[in-house]
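Undergrad: structure of the sequence below:
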Amino acid sequence: MMKINRVKKWTAVLTVVAAVVALAGCGNDKKEGNVPHKEAQKIVVATRGTAKPFTYTDDKGNLTGYDVEILKEVERRDPSLHFEFKAMAVDAAIVAMNSKQVDAIANQMRRNPAREGKYLYTNVPNNYTARKLVVKEGRTDIKSLDDLKGKKVALTANSEFRDLINDLNKKNGNAIEAIYSDKGSAENLNLVATGRADAAGEYEYVVAAARKDKNLPVVSVGPVFQSVPTYFMFRKDPKFESVIQKIDKVLKEMQADGTLKKLSEQYLARTTPSSQNKEPRKGVKQKWEVISVQPICLPRCPNWPATFP
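TA: This is a model prediction of the structure:
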């Protein structure tokens with residue numbers, strides 16, 4: 001009788017243990033179902049990765065830059081979205097988007113009539129670009145677009161500067177020789193620095209970064225000749241309309257709380273050498289000074305939020 005009671009006792013104990021283990025197992029399953037971003041919508045984003053300060057690889061091999069960090073912040077604020085970045089040139093990105101290999105492009109994309117019929121855009125601008133002509137240090141014969149006649153100009157395909165040069169060539173009988181590159185600003189500036197191109201049209205802070213980080217002998221000259229708003233561009237699919245709404249919402253929040261301003265100061269703060277059109281003396285470090293981050297717009301940036309620099 002005593003033996004039977006002991007068996008019953010151990011049976012009861014084992015039953016309780018089994019129940020606890022089962023409950024613990026159920027608890028673990030439930031916990032695993034709450035892994036961050038597991039239910040998030042994945043958006044594959046193409047970005048150049050070589051256009052500092054907008055999209056580039058840092059010293060640790062991480063993809064970063066103004067455009068990239070904006071989307072990372074959007075994801076932090078809205079966990080229902082997850083952005084997966086793939087580095088590629090803009091031309092390749094558009095081909096990849098058309099074949100549904102990527103969903104969006106983060107590369108200071110501008111709106112134009114041809115694209116707007118094929119793609120979707122965020123409605124809130126992420127930046128306003130300000131372009132100036134770029135020449136090799138010491139050169140004084142190019143100061144305006146009129147001076148480009150008979151010159152070689154480095155261009156990036158699918159850029160607003162390319163469109164501008166094409167329009168000028170239609171008016172002046174193709175007097176400007178275009179040299180096309182597919183690697184963006186880095187290659188354009190290298191072409192100018194090495195004398196293979198007479199000029200290019202680039203953002204001032206891109207030029208400043210190239211001077212400071214790569215010691216390229218190039219300078220921005222003349223007035224700003226282009227200033228346009230830029231956006232994130234998406235594949236034309238109804239499922240991305242809600243994604244765009246979410247990004248727009250967060251962008252407005254970032255404008256209001258100053259986050260977009262901080263990112264612009266971190267990545268787009270422009271520096272300029274104290275003597276731009278003089279060759280740096282050997283063995284002498286050039287003096288750099290930080291100037292305004294205020295976007296230059298002609299005559300004024302439309303709808304530019306007051307909270308943005």
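Undergrad: list the contacts of Arg162.
TA: Applying C-beta atoms under 8 Å, 6 or more residues apart in numbering to Arg162 gives the contacts 155-156, 178, 180. All C-beta spots, glycine's among them, are computed from the backbone N, C-alpha and C.
Undergrad: go again using 10 Å as the cut-off
TA: Each residue near Arg162 by C-beta atoms under 10 Å, 6 or more residues apart in numbering is listed here: 153, 155-156, 178, 180, 201.
Undergrad: now the strands for the stretch 1-150 of the chain?
TA: In the stretch 1-150 of the chain, strands defined by DSSP state E, counting those that start in this stretch lie at 41-47, 50-51, 55-57, 63-64, 81-87, 104-109, 119-121, 127-136, listed in chain order.
Undergrad: most tightly packed of these?
TA: Of all the strands of the stretch 1-150 of the chain, strand 104-109 carries the top mean neighbour count, a mean of 25, counting by mean count of other C-beta atoms under 10 Å.
Undergrad: and the contacts of Arg162, which of them are buried?
TA: Among the contacts of Arg162, those buried by neighbour count (16 or more other C-beta atoms under 10 Å) are 153, 155-156, 201.
Undergrad: if we can go back for a sec, Ala269 is nearest to which of the strands of the stretch 1-150 of the chain?
TA: strand 127-136 (13.3 Å; C-beta to C-beta).
Undergrad: before we move on, back to that, and the buried ones among the contacts of Arg162, which is closest to Glu84?
TA: For these, the nearest to Glu84 is Thr156 (24.6 Å; C-beta to C-beta).
Undergrad: which strand residues bridge the closest one?
TA: On the basis of DSSP bridges, Thr156 is bridged to Ser181.
Undergrad: related to what we said a few turns ago, which among the buried ones among the contacts of Arg162 gets closest to Val192?
TA: Nearest to Val192 among these, with distances taken as C-beta to C-beta, is Val153, at 9.2 Å.
Undergrad: quick one: residues contacting the closest one.
TA: Contacts for Val153 (C-beta under 10 Å, 6+ apart) come out as 133-134, 142, 145, 161-162, 165, 168-169, 176-180, 188, 191-192, 197-201.
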